[in-house]
Structures are given as structure tokens and as C-alpha cells.
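*Asks:* sequence and predicted structure, then a few things I'm wondering about:
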Amino acid sequence: MATAIESPKFTISPHSAGFSAQVKILDGHEILFERTKALGQGTFLDITSYNGEIHTKMSDMCGCKLKKDIQGIGNSVLAYQQGSMRPTEGQSVVGTCVIDYRDPSHGLPQRYSDPQIKVVEKALCQQLDLIKKTPDYNGQALTDLRTKFEEQDVQYVICEGSIKHDMLYEWKMFTPQEQKFLTSPENSPYLCHTAELFITALRTGYQPRGPFPSLTDYVHAVGPNREFRPLPRSITVYPSTYAESRTDMSPVIGPFTPAMKTCSLFKSTVTQPIVMQNAGNAYAEGNRQPSEPATLVIYDLEHL
């Protein structure tokens, strides 16, 4: 008889080499993160988080489907405003874009099982890099995207779908029962939080000890700085509905955020909901139309 899995728990604490993270789903998994890159100065600002889909029968991954996704990223870019939506004027700000692809043809529990996810995300990053570097590249819609990337100084794209695929199927982190738990649709926030652990390590210059690939393999440059430079602070925007859901299932609040709050190496805050005008298609959750204001919360994480 299989053991029932309760709500996963995260524990994050300082370690002489960096920090230790315990992820308890069924068995306890302790991961030691070591500093491998020195922190620069400045703040990462996520300008969009784009959820895409691949299809196993797509004959041309870089063709019209990918172009449509690129236009979708452009439509979802947030035009950050001064004030609470942006770091203090004068501070160095580096824009980032997070992409999260999955394959719906395998069914929801297996949506991250196809390694083609990594191929598509890499191809998309290469296209975004080309668009940013090439004037008048392939039409007005893509020119608009380049303009938005330049305005927000977008320099890196983080491939979250690739991290989730490898975390589940390549790194051998989880037992089959734990894997089944994390890939069930109702538990998807827990999968997001586990991936966020590695994304946070990537942003702040840490690398997990053991048989893990370099986390910098999951970030691609779309700017002049080809080598990834970790920074001490990152700001991410979520729809307010993400924070209003059940606390332990919320992609913003738990269980990862409380664990970060108890670790003396980090400081994390989640703002009260903020109404943003002219948000367009960015985080168009529920029935909100692109012309209507968006209610958002800001997650601010800083390495001390």
C-alpha cells in the first residue's frame, strides 16, 4: 500500500558552502547549494512569464508556431512603471523573461515528459536573441517586441520548462510516487515551487552539489552580456489571484516563500495587490480583457 503524501515542506538554511535546502515530499531530499559565481550589483526584473505548448507532430519548431509564440511574448510584456513596480531609480536593472513550455499531447500528468521541450525553448531563445540584435527583423510585430526588450533592458531568458523536465526525468531526484504527485494537475504549484528553488539559486550564483548540470545551462543571453551574471535581488509579478488561493498551494506564498523568510541569507516580501493600467495581455487571468486594469502582486527576493 502506497504511503499518502501530505503537503510538501521546504526548509532552507545557511551552510558554510552556501545554503542547504530540504525538500520533503515523501522522502526527504537535501540539496547543498554552493556559491560558484560572485554576485554583481543590481536587480533582475521579470518582464514576463510566458507559458507555451509544444506539439510532437510539429514539423517546423522554428516556423509559424514559434513566431506566434514570439508575438505572444511581446503581447504579454509588462510596461513597468516607476514606484513600487520598479527598483529605485539609479539602481542597475536587468530585464529577464521566463518561458515555461509543456506538451499537452501526452496528457496533463506527463506534460513535461518530452525532452523536445528543451529543444523548443532553446530555439525560441535563439530567435529572441536574433530579433533583439537584428534591425527590422521579420515584420513589425517582432520589431515591436525588440523595442519592448530594449526598453526593459532584457538580457536573459530563463527556461523553466527545461528545468522542470530535467528535475522530473533526468536528475533522478524523486521516487515514482513523488513524481506522480508533482505531475498531477492539482499539485502543479508544488512543482513550480521546487523549480523556483533552482531558479533562485541560478539568479543568486549558486550551483547544487552532486550530479546536476550547471544551472547556467538553463539561461540564455539575448543581450550584449553573453556570460550570465548573478544579482542579489529579483522582482517578479504575479496575478493577485495567485496569492489569494490556498496558502500552501499558492505559487506566490507557499511553501517556498515561508522557507525563504526563515533563512537569514534571504529577505522576501509579497506586496498587497496593486492595480496596473495598460497591462495588455500580461497575466490575463480569469475574464480580464487586455484593455482592463490588472490586479497584481509583486514578489521581491533579496540575497543579504
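*Replies:* Arrived safely.
*Asks:* pLDDT weak spots in the stretch 1-150 of the chain?
*Replies:* Along the stretch 1-150 of the chain, segments meeting pLDDT under 70 span 1-6, 55-67, 71, 74-91, 106-108, 135-143.
*Asks:* ranges for the helices of the protein?
*Replies:* 64-76, 116-133, 140-151, 160-169, 176-183, 188-203, 240-244, 256-261 (DSSP state H).
*Asks:* would you list those helices in JSON lines and tack on mean neighbour count and distance to residue 23?
*Replies:* No exception for glycine: its C-beta is placed from N, CA and C like everyone else's. Formatted as JSON lines, those follow (neighbours: other CB atoms under 10 Å; distance: least, CB to CB, whole Å):
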{"stretch": "helix 64-76", "mean neighbour count": "17", "distance to residue 23": "30"}
{"stretch": "helix 116-133", "mean neighbour count": "19", "distance to residue 23": "22"}
{"stretch": "helix 140-151", "mean neighbour count": "16", "distance to residue 23": "34"}
{"stretch": "helix 160-169", "mean neighbour count": "23", "distance to residue 23": "10"}
{"stretch": "helix 176-183", "mean neighbour count": "18", "distance to residue 23": "9"}
{"stretch": "helix 188-203", "mean neighbour count": "22", "distance to residue 23": "6"}
{"stretch": "helix 240-244", "mean neighbour count": "18", "distance to residue 23": "21"}
{"stretch": "helix 256-261", "mean neighbour count": "20", "distance to residue 23": "9"}
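*Asks:* look up how far residue 51 lies from residue 298.
*Replies:* 20 Å (CB to CB, to the nearest Å).
*Asks:* more neighbours, these two?
*Replies:* residue 298 (18 against 14; other CB atoms under 10 Å).
*Asks:* ok, back up a step: okay, the helices of the chain in a markdown table with distance to residue 24 next?
*Replies:* Below are those laid out as a markdown table (distance: least, CB to CB, whole Å):
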| stretch | distance to residue 24 |
| --- | --- |
| helix 64-76 | 34 |
| helix 116-133 | 27 |
| helix 140-151 | 39 |
| helix 160-169 | 16 |
| helix 176-183 | 10 |
| helix 188-203 | 11 |
| helix 240-244 | 23 |
| helix 256-261 | 11 |
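*Asks:* what's the closest of those helices to residue 211?
*Replies:* Residue 211 sits nearest to helix 160-169 of all the helices of the chain, at 11.4 Å, using CB to CB.
*Asks:* contacts for that closest one, please.
*Replies:* 49, 52, 98-102, 112-115, 117-118, 121-122, 173-174, 179, 182-183, 191, 194-195, 198-199, 213, 218 (CB atoms under 8 Å, 6 or more residues apart in numbering).
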